[in-house]
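Asks: sequence plus predicted model, see below.
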Amino acid sequence: MTDLTAMPQWQHLEALASSIRDQHMRDWFTQDEDRAARMQVESCGLYLDFSKNRVTDEVMQALFSLADAQGLNEKRQRMFSGEAINTTENRAVLHTALRNFSDTPVLVAGKDVMPEVRATLKKMESFTQAVHGGEHKGYTGKPIKHVVSIGIGGSFLGPKIMTEALSPYRSDAVRIHFVANVDGCHIHDVLNGLDHAETLVVMSSKSFTTQETLQNTESAKAWFLQQGGTQQDVAKHFVAVSSNVDAAVEFGIAKENIFPMWDWVGGRYSLWSAIGLPIALALGFANFKQLLEGAHHMDKHFATAPNDRNLPVILAMLGVWYRNFFDAQSHVLLPYYHYLRGLPAYVQQLDMESNGKMVTQQGERVSYPTGPVIWGSEGTNGQHSFHQLIHQGHGIIPADFILPLNVPNQDDTHHAMLASNCFGQSQALMQGKTYDECLADLANKELQEDERARLAEHKTMPGNKPSNTILFDSLTPHTLGALIAMYEHKVFVQGVVWQLNSFDQWGVELGKALGNQVLAGIQGDVDEAKFDTSTQQLIARFKHANAPE
Ligand SMILES: O=P(O)(O)OC[C@H]1O[C@H](O)[C@H](O)[C@@H](O)[C@@H]1O
C-alpha cells in the first residue's frame, strides 16, 4: 500500500495548507460575497453551512481528490453490498441493511439478510404494541408501566440518547429507565421505588458476555425475586436482545423473549437493530420506524450524491484537513438543543471507537494522525465555560454547531436567544477581534498607554477558528435518523482515507479481559503475583478496605 503521506494528493494538500495558513477567513468573507451561498448543502432535512472553514474551493476539490484516490466509491459500495470489510473479524458491516426500506436484497455470504431483518422488526412492533396496549401483562395481571433497559456501550448510548433526543415524542404508556454502569449505585437508584409487578427489563448485549450487563441483569433478577416474583414469572418481565441467542437462553431468558441481532452489526452501529427496542418502547414503533427511514434517506444520499454535495463526505474531509494539515487534536460538537445534549457522548463512541487506531488495514503503523478526540456539550452552557479555550486557546478545535429552527412547546424568546447565541458563537470564532479593535475599545479608559496595550493583547481574539453549522426544521425521528447516519458515514469516509478498519475495537477488548482477571485477583481466584506491583498494591488496598471485621 502506498504511504498516504507520499501520495501526490496529500502533498498537494500540504502545499495548499502552507499557502493559506496566514490567510484569515474574515478577509475571505469580505472579498468574496458568494462564499456563504456557495458553501452550503442541504439534504435529508439537514442544512449545512460550511463556509466558516479555512478552506477555499481549491482546497475542497483537493480534499475530494484525496478521498477518490483512496477508493471511496469502491469501498462505500463494498460496505453497502455486504462484503466482509471488517477484516480483522471477517465480518460484513451492515447497519445500513437494518434500515433498508428498498426492495434490494442484501447478501452476506450469498444469503439475503433482509427477511430476518424484517421479521425482527415485525417482532419488535408486535411486542411494543402488546406492551403499550396492555396485552403483555406482568405476572400479577398488572400492565407494564416501567421499562428498565440494561446494556452498556453501543447497547446503551444509542437507545438512551435517541430516546432523550426525542423526548417530545415519548409515549405515555411506559416510563423508560437506563442502567449501564456496573457501579451498584446506578441499578440501585433505578430499581428503588419501582413496582416489580409492572416492570419490564430489557437486557441488551450483542455478545452476551459483557460483565456489566450480565451483573446488572443478575441484580435486577434478584430484586424481582426478592420482591415476590418467582422463577416462573421471570419470562413475563425479562427480555433480551443479543446475537448470542444460546448464551441468552442459558442465562435464563425464555427463547421467545429473545430479539436477535447479527454479528454484522457493530455495537456502536446497533441502535437500528433490536438494540433499539427500548426506543420503540419509549416512543412507539411508528416513531422508531421513522428514525430508521431518516437514516435510510441519508444512506441513499451518501451513496449517490457527488462529493461536493455529499454531507458526510464534506464533513469527513474537513475533519481530515484539520487533523492532518492543521494539527487539530480534537473536534467539538455543540448541540444547541437541550434534548440533543447526549449527542457528543454518542458520537464519541461512534468516532473514537471506530477511528482511534494506529494500524492500517494492511497491518502497518500509520505515519499520520488518525481519529481526533470528540467532545462537547449543549449550548449555551459551554459558552460560560470551555468556549474560552476554543476562542483563545492554543491551536484550533473545529466545531459543529447544531440547532433546530423550531422547537416544540417552547417560548419564542428562549428559542430566539438560543439561536442568536449559536450563530453569535460561530461568528465570533470566525472573525475574532483584532488588537486594534480592542485598543480602540479602551481608548476612553483612563489608562497609561502601555497598560492599554497590555490589556488589548489579552482581549484580542485571533478568530479564524473553523466551524460547521448544521440546521434542521425540528428534531423529528426522521431528522434524527438522518443526523446520526450522517455522522456514521463521516466516520466511514475518514476511516477510508486513513486506511483503517473502522469496525473493530481491540483496545476495548483488552480492557475487558484484564478487568476480569483483576476481579479474579480481588476474589482470590488467581495468584496476585501475576500482576504488576502497582496493580498488586491497589488490589491489596481494596481488599484491606473490604476485609470482614
Ligand atoms: O452489546 P455488548 O456485546 O454487551 O457490548 C457492549 C459494548 O462492549 C464493548 O465495550 C464494545 O467496545 C462496544 O462497542 C460495545 O457496544
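Replies: Received it, and whenever you're ready, just let me know what you need.

Asks: which helices and strands does the longest helix anywhere in the chain pack with?
Replies: For the chain, the helix with the greatest residue count under DSSP state H is helix 477-498. Contact here means 3 or more C-beta pairs under 8 Å, 6 or more residues apart in numbering; DSSP states H and E; on that basis helix 477-498 packs against strand 46-49, helix 57-69, helix 72-80, helix 154-165, helix 285-304, helix 311-325, helix 353-355, strand 467-472. C-beta coordinates here come from the backbone N, C-alpha and C atoms, glycine included.

Asks: show me what contacts A280?
Replies: Counting by C-beta atoms under 8 Å, 6 or more residues apart in numbering, A280 makes contact with M124, E125, T128, N287, F288.

Asks: for G134, see how far away the first one is.
Replies: If I follow you right, that is M124. As judged by C-beta to C-beta, to the nearest Å, M124 and G134 stand 18 Å apart.

Asks: so these two - more neighbours on which side?
Replies: Neighbour count, other C-beta atoms under 10 Å: between M124 and G134, M124 has more, with 22 against 12.

Asks: need the contact list for the residue nearest to the spatial centre of the chain.
Replies: Nearest residue to the geometric centre of the chain (C-alpha atoms, centre = their mean): V347, 2.2 Å. With contacts defined as C-beta under 8 Å, 6+ apart, V347 is in contact with L333, I374, Y487.

Asks: and stretch 401-421, which residues are buried?
Replies: Buried residues in stretch 401-421, counted by 16 or more other C-beta atoms under 10 Å: F401, I402, L403, P404, V407, H415, L418, A419.

Asks: the fourth one is in contact with S474, isn't it?
Replies: I take that to be P404. Yes: applying C-beta atoms under 8 Å, one finds P404 in contact with S474, separated by 5.1 Å.

Asks: common neighbours of those two, please.
Replies: Counting by C-beta under 8 Å, 6+ apart, nothing touches both P404 and S474.

Asks: what residues does this protein have near the ligand?
Replies: With C-beta under 6 Å from any ligand atom as the criterion, the chain meets the ligand at residues 152-155, 205-207, 210, 213, 267-268, 353, 505, 508.

Asks: most neighbours out of these, which is it?
Replies: The most crowded member of these, judged by other C-beta under 10 Å, is S155 (31 neighbours).

Asks: pLDDT weak spots in the protein?
Replies: Along the chain, the parts satisfying pLDDT under 70 run over 1-2.

Asks: which residue is the nearest non-sequential neighbour of the residue of the stretch 51-200 of the chain found nearest the ligand?
Replies: Using C-beta to the nearest ligand atom, the point where the stretch 51-200 of the chain gets nearest to the ligand is G153, with a distance of 2.7 Å. Excluding the flanking residues, the one nearest G153 by C-beta to C-beta, 6 or more residues apart in numbering is G267, at 5.3 Å.

Asks: phi and psi next, for that neighbour.
Replies: Main-chain dihedrals, G267, degrees, to the nearest 10: phi -50, psi -50.

Asks: what sits up against stretch 70-82?
Replies: Contacts of stretch 70-82 (C-beta under 8 Å, 6+ apart): 4, 85, 92-94, 96-97, 106-108, 113, 264, 299, 302-303, 307, 313, 492-493, 496-497, 499.

Asks: D22 in helix, strand or coil?
Replies: Under DSSP: H, G, I helix; E, B strand; the rest coil, the three-state class of D22 is coil.

Asks: tally of neighbours for it?
Replies: Neighbourhood size, D22 [other C-beta under 10 Å]: 7.

Asks: equivalent analysis for S171, please.
Replies: By other C-beta under 10 Å, neighbour count at S171 equals 18.

Asks: which residues touch it?
Replies: Counting by C-beta under 8 Å, 6+ apart, S171 makes contact with H132, L281, A282, L283, G284.

Asks: extract the C-alpha set from stretch 4-17 and format it as CSV.
Replies: This file holds the C-alpha atoms of stretch 4-17, laid out as CSV (Å, rounded to 0.1, in the frame of the first residue of the first chain):
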residue,chain,number,x,y,z
LEU,A,4,-0.7,8.0,2.3
THR,A,5,1.6,11.0,3.0
ALA,A,6,3.6,10.3,-0.1
MET,A,7,0.6,10.4,-2.4
PRO,A,8,0.5,13.4,-4.8
GLN,A,9,-3.0,14.3,-3.5
TRP,A,10,-1.6,14.5,0.1
GLN,A,11,1.4,16.6,-0.9
HIS,A,12,-0.8,18.9,-2.9
LEU,A,13,-2.9,19.4,0.3
GLU,A,14,0.2,20.1,2.3
ALA,A,15,1.2,22.8,-0.2
LEU,A,16,-2.3,24.3,-0.1
ALA,A,17,-2.3,24.3,3.7
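
Asks: quick revisit: JSON lines for the contacts of S171, including neighbour count?
Replies: As requested, the contacts of S171 are exported to JSON lines (neighbours: other C-beta atoms under 10 Å):
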{"residue": "H132", "neighbour count": "19"}
{"residue": "L281", "neighbour count": "28"}
{"residue": "A282", "neighbour count": "28"}
{"residue": "L283", "neighbour count": "24"}
{"residue": "G284", "neighbour count": "20"}
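
Asks: for Q11, state which of those is nearest.
Replies: Of all the contacts of S171, Q11 sits closest to L283, with 49.5 Å by C-beta to C-beta.

Asks: excluding its backbone neighbours, what's nearest the closest one?
Replies: Y169 (4.8 Å).

Asks: how about the strands in the protein?
Replies: Applying DSSP state E to the chain gives strands spanning 40-43, 46-49, 107-108, 111-112, 146-150, 175-179, 199-204, 238-242, 258-260, 330-335, 373-376, 399-404, 467-472.

Asks: related to what we said a few turns ago, what is the nearest of the buried residues of stretch 401-421 to the ligand?
Replies: The closest of the buried residues of stretch 401-421 to the ligand turns out to be I402 (C-beta to the nearest ligand atom; 23.6 Å).

Asks: might one say that the closest one is in contact with I470?
Replies: Yes: contact criterion C-beta under 8 Å: I402 and I470 qualify, at 4.7 Å.

Asks: could you name every residue contacting both of these two?
Replies: Jointly contacting I402 and I470 under the rule C-beta under 8 Å, 6+ apart are L483.

Asks: for K142, what are its contacts?
Replies: D195, A197, E198.

Asks: phi first, then psi, for it.
Replies: phi -80, psi 150.

Asks: now the stretch 301-450 of the chain against the ligand: closest residue?
Replies: Proximity of the stretch 301-450 of the chain to the ligand (C-beta to the nearest ligand atom) peaks at E353, 5.7 Å away.

Asks: please tell me how far G134 sits from A419.
Replies: According to C-beta to C-beta, G134 and A419 sit 42 Å apart.

Asks: number of residues surrounding Q129?
Replies: By the criterion of other C-beta under 10 Å, Q129 has 15 neighbours.
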